[in-house]
Every structure is written in structure tokens, then in C-alpha cells.
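K.L.:
Could you look at this predicted model? Sequence included:
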Amino acid sequence: MLLDPRAPRFAAAITTAVLAVALVTGSNLLLIVQAAIFAVTAANPRIGPYGMLYRTVVAPRVAPPTELEPAAPVRFAQLVGLIFVVAAATGNLAGVPALGLAATGAALAAAFLNAAFDLCLGCVGYLALRRLVGRPMAARVPVGLS
């Protein structure tokens, strides 16, 4: 499955806003909602709520993508985000606010890097792991070659 790379970046912008509000307010509810969104998107990026919003609202108003990216790195990145957000909520609920703040801050930083600079840390990590096990893959493919 190949994705328009602008969709995960759009999702990262929304995630950045959600996690910033969660960090400022200490809202476990927002962390739990974001965890659910990460889980759904990790299972299948095509049914992730932010990706669906991109495809229905944004994509029809912009030019078609010139390149596509494989879904596997995006799924891995969503799984990593899920782990950090679950750790944050667990820390908050267990009375370890330092864990909640650190994990939320780390997830927020990663989402911001993706949204602002198109640097997906989870995707980079996935691609590095693939190279380490001798099964490299391209990060992006021109549309005509997909």
C-alpha cells in the first residue's frame, strides 16, 4: 500500500496541536483519544481519522502527489507514537507526572518535526531497521513508478 506523503504530515500537524494541548492542560482524556487514533492508524493508515480528513477535505483541493510512500514506515511511526502516549497516560494516572510530561513532550517533539520539517523519526527508524536486517526499501517512490 502506498500513501500520499502529505497525509501523514497533515496528521502530524493535528497530532502536534492535540499533544500541545494535552501537555499544557495535563488532559489524560486527550492522551487516550490520541492513543486510540494512533492505534487505528497503526493498524491501517487508510482508516486513520486524520488521514481520512486529509483525503476528504484537503486532497481534493491540492495537486496530485508527485511521489508516494510505503505505508509500513508510517504504521511503525504510529505504533511508536502509541507507545509514547500510552506511557504518558500511564505515568499521569500512576502519579508519576515526570513520566507523563517526558513521554508527552517526546511524542509532541516527534510530531512537530514531521509536521514542520517533513522529518518522520519513526519512519527513519523503520527504514534504518530494514537496512540493518538487509531488507532496505525506498522511503518514497515517484508516482509513475508506483
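P.N.:
Good, I have the coordinates.

K.L.:
phi, psi of the residue of the chain most remote from its centre?
P.N.:
Within the chain, residue 95 marks the point farthest from the mean C-alpha position, 26.7 Å out by CA atoms, centre = their mean. Torsion angles at residue 95 (phi, psi; degrees, to the nearest 10) stand at phi 80, psi 30.

K.L.:
Residue 73 versus that one, what's the distance?
P.N.:
Taking CB to CB, to the nearest Å as the measure, residue 95 falls 35 Å from residue 73. Glycine gets a C-beta too; all of them are placed from N, C-alpha and C.

K.L.:
Residue 57 too?
P.N.:
Applying CB to CB, the value for residue 57 to residue 73 is 24 Å.

K.L.:
Can you tell me the centre-most residue of this structure?
P.N.:
The centroid of the chain falls nearest to residue 78 when counting by CA atoms, centre = their mean (4.5 Å).

K.L.:
Let me see the contact set for that residue.
P.N.:
With contacts defined as CB atoms under 8 Å, 6 or more residues apart in numbering, the neighbours of residue 78 are 38, 39, 41, 42, 45, 48, 122.

K.L.:
Right, I'll leave it there.
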